Each structure stands twice: as C-alpha cells, then as structure tokens.
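> The sequence and its predicted three-dimensional model are supplied below.
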Amino acid sequence: MKARKGMVRMGTKIGATLGGIAFLIFGVLPGFYFGSYSSLIVLKHLMGGPVEPTVLVRMFMAVGILLGIVCIGAVSIVVGSILGTGLGYLVELFTAPTEVRKPAEAVAKTE
C-alpha cells in the first residue's frame with residue numbers, strides 16, 4: 001500500500017514538473033496575449049468606447065497581462081499533475097502483484 005502511494009505521488013510530481021516546463025515553452029506568449037486582450041476588452045466596456053493610453057490604463061493592462069500569465073501557468077501545472085496522477089495509477093496497476101495469498105489459504109490448498 002505504501003508503494004502505491006509513492007508511485008502515485010511520484011507521478012503527480014513528474015506531471016506537475018512537465019506541466020510547468022510545457023508552460024514555459026508553450027504558455028508564456030499565449031498567457032501574455034490572453035491577459036492583454038481580456039484587460040483591453042474589460043477597459044473598453046468600462047470606458048464605453050476606445051481606450052486612451054493613460055497611466056491608469058497602462059497599469060491595468062500590466063496587471064491583466066500578469067494575471068493572464070499566472071492563470072495559464074496554474075492551468076498547465078494542474079493539468080500536468082492530473083495527467084501524471086493518472087499515469088501513476090496506471091503504472092502502479094501494471095507493476096503491482098496480481099494476487100497476494102494469506103498463509104492460511106496457502107496451507108489449506110496444499111492439504
């Protein structure tokens with residue numbers, strides 16, 4: 001039972017690490033675009049029209065960009081850890097012994 005928990009935990013950690021690496025390779029730029037576009041849309045609806053590049057708007061855009069990057073990173077790490085946990089269960093399923101007999105059953109079958 002202890003080996004099973006260790007296998008699943010190892011799968012979770014490996015999956016989260018791979019999700020973080022995938023985020024660094026493929027997710028930073030989409031996170032940047034997602035955050036900037038969404039904050040621009042929110043500002044457009046709040047201001048009621050085109051947005052002027054004032055200091056307040058630029059600060060709001062910077063916060064939106066950071067929020068977009070953090071959200072994409074969190075999703076990448078969580079999805080990676082979920083996939084790693086599933087793979088940990090699969091590896092444990094295929095590598096675990098199929099049947100463990102109790103000593104009383106072994107003695108009863110030999111007689």
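Ah, there it is.

> tell me what the biggest helix by length in the chain is packed against?
Determined from DSSP state H, the single longest helix within the chain is helix 55-95. The contact analysis (3 or more C-beta pairs under 8 Å, 6 or more residues apart in numbering; DSSP states H and E) places helix 55-95 against helix 2-22, helix 28-47. No exception for glycine: its C-beta is placed from N, CA and C like everyone else's.

> which residues touch the first one?
The list of residues contacting helix 2-22 from outside it, by C-beta atoms under 8 Å, 6 or more residues apart in numbering, reads 73, 76-89, 91-92, 95-96.

> relative to helix 2-22, how tilted is the longest helix of the chain?
Calculated by axes from the mean of the first three to the mean of the last three C-alpha atoms, to 10 degrees, helix 55-95 forms an angle of 140 degrees with helix 2-22.

> Helix 55-95: how far from the chain's middle?
In this view, helix 55-95 has its centroid 4 Å away from the chain centroid, taken as C-alpha atoms, centre = their mean, to the nearest Å.

> sorry, back to before: mean pLDDT lowest where, among the helices and strands packed on helix 55-95?
Averaged per stretch, pLDDT over those is lowest on helix 2-22, reaching a mean of 88.

> what's around Val91, how many residues?
Look at Val91: counted by other C-beta atoms under 10 Å, it has 14 neighbours.
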